[in-house]
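Peer 1: Sequence plus the predicted model coming up.
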Amino acid sequence: MTRELFLFPGDDGAPMSWALVEGAGGRVRFGSADDKAPPRADRVVLVAPGSDVASHVVDLPAKSERQARAAAPFAVEDEIGQSLEEVVVTLAARNGDARRRAVAVVARDRLEAWRDEARALGLEPADIIPDYALTPAPAGAFGVLDLGDQVLARAGQTGFSVDAEHASVVIAAFLDARPDITQVHAWTDREEALLPPEASRALDRTIEPQPRDEALARLLSVGLAQGAPLRLDAQTSGGGLDIDWKRWRVTAAVAALTLVGYLAMLALETSSLREASREARAEGEALVLEAFPDIGRVVNPRAQLASRLQTAGGSGSLVFLDLSQLLAESVEEAGGIEVESVRFDEARPEVEAGLIYSAYADIERLREAVTARGGVLEEGGARQSGGRIAGDVVLRRPR
């Protein structure tokens, strides 16, 4: 018999509560940190509030898990509205389509606060899982768990937590977007309110009573046994360069992840941190060799990647490589300028860059360096930032 201890972080300073499930169909015990210590268990699971954990499904054409984890934060950057340094992004296990992967995003400080609560009780959770990811949902089914004020839902690798008053609208939209779902299994006493007939197509429905206390704890145990798809304690990715990954569409998909290391190398070469630049160059070369082991030796990453992209038909990426090299070389020659962000849209053969500099004379030196290399630099907006100037520029080749 496996004893599973579920920990529930408190809201607004309330103490952490817990539920111990003593095997399938076994006894369930409850408590909170302010009245008694949690009992010993074979497995400790911290149940993260789903309202604090967003899930997304993204395309990650990676050859390895290492590459997929490195790319996951950039794939959701436009969706989360936060700096990558402020969040933790975790990747779900592969499930069917190797390109389509689910990711979970949570604020870094929230995750650490939950861990601290558990450690204060002398516990180190084996798993940290969003509550909606523990909703039972067999393959091909949409699971709905009615908690009263909140409704949890899951299908496959992804899910959500939503206020009850908005649940029917969100559930209807989710089902309309998922024609692959053929059945719904809901635990609720208000089927018509959550699953209105006019909101979705006809589905096979299994409706059971809304769970409370022991029944709810046992359902979480069932969801855990099915293999909760998103774990916040998995190998994580966060931080990195501000590259607009979603807009960067590469025809040669295999080459996309190898370019991550090369872009890191280029951006760091434009700063004064030469030691970091050398480390990034080594990492970039390692990524190139991992993706294309037949290359043997990396001599000129740009030229070697360009050759591979030409073979694969990646003309848009050749433009990006050309313009990013133009930017890196020009910034290094001008001096006194840091590259804060780089964006590229294949539909427009130009690179947008966010720069930090001390005086407008720095931009004039940069313009001269770009012009000398056959490029065109156009200035955008500028603003004061910490005693320096933050400005945007666009680089392109003459039309």
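Peer 2: Received, thanks. Residues are numbered from 1 along each chain as shown.

Peer 1: Helix or strand next in line after the longest helix along the chain, which one?
Peer 2: Ranked by number of residues, the top helix in the chain under DSSP state H is helix 315-334. Following helix 315-334 in sequence order, the next helix or strand is strand 337-345 (DSSP states H and E).

Peer 1: now for that next one, which elements pack on it?
Peer 2: strand 242-243, helix 253-269, helix 315-334, strand 348-357, helix 360-372 (3 or more CB pairs under 8 Å, 6 or more residues apart in numbering; DSSP states H and E). Where C-beta positions appear, they are placed from N, C-alpha and C, glycine not excepted.

Peer 1: Just the C-alpha atoms of that strand, please, in PDB.
Peer 2: Only the C-alpha atoms of strand 337-345 are listed here, as PDB (Å, rounded to 0.1, in the frame of the first residue of the first chain):
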ATOM      1  CA  ILE A 337      26.800  49.800 -27.200                       C
ATOM      2  CA  GLU A 338      25.100  46.800 -25.700                       C
ATOM      3  CA  VAL A 339      22.500  44.600 -27.600                       C
ATOM      4  CA  GLU A 340      19.500  44.100 -25.300                       C
ATOM      5  CA  SER A 341      17.200  42.200 -27.800                       C
ATOM      6  CA  VAL A 342      17.100  40.900 -31.300                       C
ATOM      7  CA  ARG A 343      14.000  40.200 -33.400                       C
ATOM      8  CA  PHE A 344      13.500  38.900 -36.800                       C
ATOM      9  CA  ASP A 345      10.400  38.300 -39.000                       C
END
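
Peer 1: and residue 195, how far is that from residue 358?
Peer 2: Relative to residue 358, residue 195 is positioned 60 Å away (CB to CB, to the nearest Å).

Peer 1: Give me the more crowded residue out of these two.
Peer 2: Counted by other CB atoms under 10 Å, residue 195 and residue 358 do not tie: residue 195 has more neighbours, with 22 against 11.

Peer 1: ok, residue 340 - how many residues close by?
Peer 2: 17.

Peer 1: Now do the same contact list for it.
Peer 2: By CB atoms under 8 Å, 6 or more residues apart in numbering, the residues touching residue 340 are 242, 353, 354, 355, 356, 390.

Peer 1: since we're on the closest residue to residue 132 other than its chain neighbours, how many residues are nearby?
Peer 2: Spatial nearest neighbour of residue 132, excluding adjacent residues (CB to CB, 6 or more residues apart in numbering): residue 159 at 3.8 Å. Residue 159 has 29 neighbours, counted by other CB under 10 Å.

Peer 1: need the contact list for residue 389.
Peer 2: Contacts of residue 389 (CB under 8 Å, 6+ apart): 356, 357, 358, 359, 360, 382, 383.

Peer 1: cool, residue 355 as well?
Peer 2: Counted by CB under 8 Å, 6+ apart, residue 355 has contacts 331, 337, 338, 339, 340, 363, 366, 390, 391, 392, 393.

Peer 1: Out of those residues, which one has the lowest pLDDT?
Peer 2: Lowest pLDDT within the contacts of residue 355 is found at residue 340 (84).

Peer 1: could you check the distance from that residue over to residue 356?
Peer 2: With CB to CB as the criterion, residue 340 and residue 356 are 5 Å apart.

Peer 1: Pull up the overlap in contacts between the two.
Peer 2: Residues touching both residue 340 and residue 356 (CB under 8 Å, 6+ apart): residue 390.

Peer 1: Residue 363 is in contact with residue 391, correct?
Peer 2: Yes: the pair formed by residue 391 and residue 363 meets the contact definition of CB atoms under 8 Å, at 6.9 Å.

Peer 1: Give the intersection of the neighbour lists for the two.
Peer 2: Taking CB under 8 Å, 6+ apart as the criterion, residue 391 and residue 363 both touch 355, 357, 379.

Peer 1: okay, and the helix or strand of the protein with the least pLDDT?
Peer 2: Least confident helix or strand, the chain: strand 242-243 with a mean of 33, by mean pLDDT, DSSP states H and E.

Peer 1: Are we agreed that residue 389 is in a helix?
Peer 2: No: looking at residue 389 with DSSP: H, G, I helix; E, B strand; the rest coil, it is strand, so not inside a helix.

Peer 1: Is it bridged to anything, and to what?
Peer 2: For residue 389, the beta-bridge partners are residue 357, residue 384 (DSSP bridges).

Peer 1: Now do the SS call for residue 66.
Peer 2: Once three-state DSSP is applied, residue 66 turns out helix.

Peer 1: Correct me if wrong: the residue nearest to residue 132 contacts residue 50.
Peer 2: Yes: using CB under 8 Å, residue 159 is in contact with residue 50, at 7.4 Å.

Peer 1: Between those two, which contacts overlap?
Peer 2: 130, 132, 133, 152.

Peer 1: Test my guess that the second one contacts residue 157.
Peer 2: Right, the one you point to is residue 132. No: counting by CB under 8 Å, residue 132 stays clear of residue 157, with 11.4 Å between them.

Peer 1: Thanks a lot, catch you later.
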